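> Need coordinates for the below:
(chains A and B)
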Number of protein chains: 2
Amino acid sequence: MDAKIRLYVKNQLCDAQIISLERNQANYLFAVMRQNVGNQILIFNNSDGEWLAEIVGGNKRIVTLKCLNKIRPSLAPPDIWLFFSPIKKSRTDFIVEKATELGVAEIFPTYCEFTNSERINQNRLQSHAVEAAEQCGGTYVPKVHNICKLTDTLENWPDHRNIFFCNEDELKPTIDFSSLPNGPWAIFVGPEGGFSKREKNYFLQNPKTFSISLGPRILRADTAAVSALTLWQSNFGDWVTKDI
Amino acid sequence: MDAKIRLYVKNQLCDAQIISLERNQANYLFAVMRQNVGNQILIFNNSDGEWLAEIVGGNKRIVTLKCLNKIRPSLAPPDIWLFFSPIKKSRTDFIVEKATELGVAEIFPTYCEFTNSERINQNRLQSHAVEAAEQCGGTYVPKVHNICKLTDTLENWPDHRNIFFCNEDELKPTIDFSSLPNGPWAIFVGPEGGFSKREKNYFLQNPKTFSISLGPRILRADTAAVSALTLWQSNFGDWVTKDI
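All right, here's what the predicted structure looks like:
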């Protein structure tokens, strides 16, 4: 029983549940991965965990699966959001892929003053998040939002969420994380040209903002996203040391 | 005086020093960046820091520069090495780029049992490191070594260097870094298929090895390299909090 294929599905999953897959997943299973009726795969959604399922019928256009048994419970990510400014295509894809692997709850492409790419393909980015979750063994696909404007976002900022502001001007080396509050957080990574002076003031005027340095060199936006998420996860998130 | 072009050079740099650039850099300055005699650029090497320099002569084949004054001292990276297994081309390039930005001293592409790509282009990877250093404002280009074999590397391991072993089997969440020793370190990131059982035993039998988890999801090799370097730099390296 070597079920390696993992698929994200939107259906509810429970014992003996029968579910149908969409056309692109049917094509992937039958045409690309050469699966047949009787083969077993792994499926997960965002709430019911990961299940072993058997292909009980179908072809390249539609597939029917039957849930056999639950392999793993659902692991929701910690309450961390990532705001980033779209950069060139492959690096934007990369940020969504990495954020999913590292465990983020929601992803917000954000339009800043120095953003070069004004448009994103939300569906394509959401598909990247699905693929990354399927590949990394996660049981959660973060929602990729449509592009928002940084100033609108900060003007309507929820009172209870802290801001992890990746600030190239921050002179102090890495912050002492034990001094930061618990609770929901959002990470903000700027465009290649950095945040504008006006945007920086917006952040610094918000009492929920904590300005963070990512070392003495200037990181590219995609590197900054991965580094900031790593720091957050290893200090506040689901990488934190627990006694076992 | 808006000198934004930064170039890595191999020459010694000191007051009023005259240096000649190689053909590809001359072409870059005159043909790509449309510079002329009289323009100023920034140059750095691995030991004398960053200098403002004036173009005093040349064309698309050869350029002569004169050092004007030192802008910044040299910032050598901490004594951290990165060993990684080559993966597909763009992701290998990415690891070298990110390792340079994050501040690594030496980079060792490493052949493991489950490595898919047996060959690397060492010169191309070294050029990526140069470009990344020019772009990130660093004053150091890490050396990219030719591919080595993991077992040979571990059999001849230097006594004084600790091993940060990114271990997918590690059940404990992120380690308490304050419990780890100081001194030189090396980070090891495996291929897409992970380290083999034999390789894992090699690591675990070495008393310098510290087995580190990178969270509950399985990271791609390129993500793991960035995350591991971030954790190391923010705990031991040049991102560490200092009183200022």
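
> Pull up the gap between the residue most central in space within chain A and B:Glu97, please.
With distances taken as C-alpha atoms, centre = their mean, the residue of chain A nearest its centroid is A:Thr100 (3.1 Å). Going from A:Thr100 to B:Glu97 by C-beta to C-beta, to the nearest Å gives 21 Å. Where C-beta positions appear, they are placed from N, C-alpha and C, glycine not excepted.

> cool, and A:Phe108?
Applying C-beta to C-beta, the value for A:Phe108 to B:Glu97 is 25 Å.

> Counting neighbours, go ahead and name the busier of these two.
Using other C-beta atoms under 10 Å in any protein chain shown as the criterion, A:Phe108 and B:Glu97 rank with B:Glu97 on top: 23 against 18.

> And the one helix or strand A:Thr223 maps to, what does it pack against?
Assigned by DSSP states H and E, A:Thr223 falls within helix A:221-235. Counting by 3 or more C-beta pairs under 8 Å, 6 or more residues apart in numbering or on different chains; DSSP states H and E, the packing neighbours recorded for helix A:221-235 are strand A:80-84, helix A:89-102, strand A:162-166, strand A:185-189, helix B:89-102, helix B:221-235.

> Could I get these in JSON lines, plus columns for mean pLDDT?
Converted to JSON lines, the helices and strands packed on helix A:221-235 look like this (pLDDT from 0 to 100):
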{"stretch": "strand A:80-84", "mean pLDDT": "98"}
{"stretch": "helix A:89-102", "mean pLDDT": "94"}
{"stretch": "strand A:162-166", "mean pLDDT": "95"}
{"stretch": "strand A:185-189", "mean pLDDT": "98"}
{"stretch": "helix B:89-102", "mean pLDDT": "94"}
{"stretch": "helix B:221-235", "mean pLDDT": "95"}
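
> For the spatially closest residue to A:Ala186 that is not a sequence neighbour, which residues are in contact?
Closest residue to A:Ala186 apart from its sequence neighbours, by C-beta to C-beta, 6 or more residues apart in numbering or on different chains: A:Trp81 at 4.2 Å. Residues near A:Trp81 by C-beta atoms under 8 Å, 6 or more residues apart in numbering or on different chains: A:104-108, A:161, A:184-187.

> Tabulate the residues you listed in CSV, adding columns for distance to A:Asn39.
Listed next are the contacts of A:Trp81 as CSV, based on distance: C-beta to C-beta, whole Å:
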residue, distance to A:Asn39
A:Val104, 32
A:Ala105, 33
A:Glu106, 34
A:Ile107, 33
A:Phe108, 38
A:Arg161, 44
A:Pro184, 41
A:Trp185, 42
A:Ala186, 42
A:Ile187, 40
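
> Tell me the one of those nearest chain B?
A:Val104 (10.9 Å; C-beta to the nearest C-beta).

> Pretty sure that closest one sits in a helix.
No - applying DSSP: H, G, I helix; E, B strand; the rest coil, one finds A:Val104 to be coil, outside a helix.

> That one is in contact with A:Leu229, isn't it?
Yes - with contact defined as C-beta atoms under 8 Å, A:Val104 reaches A:Leu229; the gap is 6.5 Å.

> so what sits against both of the two?
With C-beta under 8 Å, 6+ apart as the test, A:Val104 and A:Leu229 both reach A:80, A:82.

> how about low-confidence regions in chain A?
Flagging of chain A using pLDDT under 70 yields the residue ranges A:1-3, A:173-174, A:241-244.

> got the residues of it near chain B?
Contact residues, chain A versus chain B (C-beta under 8 Å from any C-beta of the partner chain): A:75, A:90, A:94, A:97-98, A:101-103, A:135-138, A:171-176, A:213-220, A:223, A:226-227, A:230-231, A:233-234, A:237-242, A:244.

> Just the buried ones from those residues?
A:75, A:94, A:97-98, A:101-103, A:135-138, A:173-175, A:213-220, A:223, A:226-227, A:230-231, A:233-234, A:237-239 (16 or more other C-beta atoms under 10 Å in any protein chain shown).

> Return the backbone torsion pair for the closest residue to A:Asp15 other than its chain neighbours.
Of all residues not flanking A:Asp15 in the chain, A:Cys67 sits nearest, at 6.4 Å (C-beta to C-beta, 6+ apart). Dihedral pair for A:Cys67: phi -70, psi 130, per degrees, to the nearest 10.

> check contacts around A:Cys67.
A:Cys67 sits in contact with A:13-19, A:43, A:51-53, where contact means C-beta under 8 Å, 6+ apart.

> Let me see the domain layout of chain A.
For chain A, automatic domain parsing gives the domain ranges A:6-72, A:80-235.

> and the residue lying closest to A:Gln126 once chain neighbours are set aside, how far is that from A:Lys98?
For A:Gln126, ignoring the flanking residues on the chain, the nearest one in space by C-beta to C-beta, 6+ apart is A:Val144 at 4.6 Å. To A:Lys98, A:Val144 is 13 Å away according to C-beta to C-beta.

> How about A:Leu21?
Taken as C-beta to C-beta, the span from A:Leu21 to A:Lys98 is 27 Å.

> can you count the residues close to A:Ile156?
No Ile there; residue A:156 is Asn. 8.

> and the gap between A:Leu65 and chain B?
Relative to chain B, A:Leu65 is positioned 23 Å away (C-beta to the nearest C-beta, to the nearest Å).

> residue contacts, that residue?
Contacts of A:Leu65 (C-beta under 8 Å, 6+ apart): A:18-21, A:41, A:43, A:53-56.
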